[in-house]
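> next comes the sequence, and after it the predicted model I'd like to discuss.
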Amino acid sequence: MADNALHLPRGSAARDGFDLVVTPEDAGWGFSSLRTLTLAPGAAHEFATGEEELLVLPLSGAARVEVDGEVIDLAGRSSVFDAVSDFAYVGRDSTVRVSSRDGAVLSFPGARARRRLPFRYGPASGVAVELRGAGRCSRQVNNFATPQAFETDKLIACEVLTPAANWSSYPPHRHDRTSDVESELEEVYYFEFRSLAPTGTPGAEAGLGYQRVYGDPERPIDVLEEVRSGDVVLIPHGWHGPSIASPSHDMYYLNVMAGPEDERAWKICDDPAHGWVRGTWDEQDVDPRLPLYSAPTGA
């Protein structure tokens, strides 16, 4: 896939009733996938997972998920900037029906899977909220489906919230080789933005950020894209970062990763030209705007 095709603006990959569809075939790789869906109040949508396992993760609103006669009701959230969400896991070779009484926007992080694991519930209270970095590199990570947090066959997924004007996904890192310090993982970044402008400011909701991906002479790749709400950047390989939030908008992105490794692990390698930045964080405070929220307690 050409480098300029790795950025999918909002609406450019809509089909089959979904707002966004990225399958392994669409991306030209082997494992990672993502779909998003807007449900009007009272609406429903049904589809087959095929060879993919997936999660039903509300971006906004609540939803009901039905698989093989079993039902999971998701409380969801008002927006990705307000709370972590509960979610449902759906195994490969399933037919899933989602519906919403009051309307919802749902995401379906997915991966081509070998095993069919059971349909089950992921509570919001089980989501580990981590503060990563410091100073202008501060960000919040919601580890809802990372290897230590939730069992899947191949899929790894998390959410990252970056306060306005901060740099996230930094220092630039990669995970495209099999080694002691890297695991081969294809990655999808899905973005949303929240305006900090006074109510009524013209055009304030448009929000934007920037995403960088670059390679080396052996595996070149060159992406620098302005991203807006609903946009996606595909990362087949290479160093990725920074993800830059504009001073006027908080930034959210959903990370979806999967790959051919036998071990489900997220191992990364920093670009040595920038990795030294991590050593400066001990002398800086975490951005006081974080966390934007914490996981709820209880069931």
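Arrived safely.

> go ahead and confirm residue 259 touches residue 153.
No. Using Cβ atoms under 8 Å as the test, residue 259 is too far from residue 153 to be in contact (11.9 Å). No exception for glycine: its C-beta is placed from N, CA and C like everyone else's.

> of these two, give the one with the bigger neighbour count.
More crowded of residue 259 and residue 153, by other Cβ atoms under 10 Å: residue 259, with 22 against 17.

> okay, that one: pLDDT?
Residue 259 carries a pLDDT value of 98.

> quick check: end-to-end length of stretch 128-145?
End-to-end span of stretch 128-145 (Cα to Cα, to the nearest Å): 9 Å.

> now do stretch 143-151
12 Å.

> and stretch 150-163, by the same measure?
So stretch 150-163: terminal residues 26 Å apart, Cα to Cα.

> and it, how far out from the chain's middle?
How far stretch 150-163 lies from its chain's middle: 6 Å, per Cα atoms, centre = their mean, to the nearest Å.

> what does the average pLDDT come to for it?
Computed over stretch 150-163, the average pLDDT equals 98.

> same thing with stretch 119-136?
97.

> quick check: buried residues in it?
119, 122, 123, 124, 126, 127, 129, 132, 133, 134 (16 or more other Cβ atoms under 10 Å).

> what's the span of it, first residue to last?
Stretch 119-136: ends 40 Å apart by Cα to Cα.

> cool, stretch 168-187 as well?
Length of stretch 168-187, first residue to last, Cα to Cα: 15 Å.

> in that stretch, what counts as buried?
168-176, 182-187.

> which one of the buried residues of stretch 119-136 is nearest residue 160?
Nearest to residue 160 among the buried residues of stretch 119-136: residue 132, at 8.2 Å, using Cβ to Cβ.

> quick one, what contacts that closest one?
Residues in contact with residue 132 (Cβ atoms under 8 Å, 6 or more residues apart in numbering) are 138, 139, 140, 141.

> drop anything exposed from those.
So, by 16+ other Cβ under 10 Å, the buried ones in the contacts of residue 132 are 138, 139, 140, 141.

> which ones among those residues lie within strands?
Secondary structure from DSSP state E places 139, 140, 141 of the buried ones among the contacts of residue 132 in strands.

> any chance of the residues you listed in a markdown table, plus pLDDT?
Putting these into a markdown table (pLDDT from 0 to 100) gives the following:
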| residue | pLDDT |
| --- | --- |
| 139 | 98 |
| 140 | 98 |
| 141 | 98 |
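
> ok, these vs residue 233, which is closest?
Nearest to residue 233 among these, with distances taken as Cβ to Cβ, is residue 139, at 16.7 Å.

> residue contacts, that closest one?
By Cβ under 8 Å, 6+ apart, the neighbours of residue 139 are 131, 132, 133, 160, 161, 162, 163, 166, 168, 290.

> go with 7 Å
With Cβ atoms under 7 Å, 6 or more residues apart in numbering as the criterion, the residues that contact residue 139 are 132, 133, 160, 161, 162, 166, 168.

> tell me what it is bridged to.
Judged by DSSP bridges, the bridge partners of residue 139 are residue 132.

> any idea how far it is from residue 260?
Residue 139 sits 28 Å away from residue 260, going by Cβ to Cβ, to the nearest Å.

> moving C-terminal from the helix or strand that contains residue 96, which element do we reach first?
Under the criterion of DSSP states H and E, residue 96 resides in strand 95-99. Next along the chain after strand 95-99, taking DSSP H and E as the criterion, comes strand 104-112.

> strand partners (parallel or antiparallel) of that next one?
Here, using DSSP bridges, strand 104-112 pairs with strand 32-39 (antiparallel), strand 52-67 (antiparallel).

> for residue 145, find the nearest of those strands.
Of those, nearest to residue 145 by Cβ to Cβ is strand 52-67, at 6.0 Å.

> ok now the closest one, how far from the chain's centre?
14 Å.

> likewise stretch 234-254?
With Cα atoms, centre = their mean, you get 11 Å for stretch 234-254.

> swap in stretch 109-123?
How far stretch 109-123 lies from its chain's middle: 16 Å, per Cα atoms, centre = their mean.

> and the closest residue to residue 228 other than its chain neighbours, what does it touch?
For residue 228, ignoring the flanking residues on the chain, the nearest one in space by Cβ to Cβ, 6 or more residues apart in numbering is residue 208 at 5.3 Å. Taking Cβ under 7 Å, 6+ apart, we find residue 208 in contact with 193, 226, 227, 228, 246.
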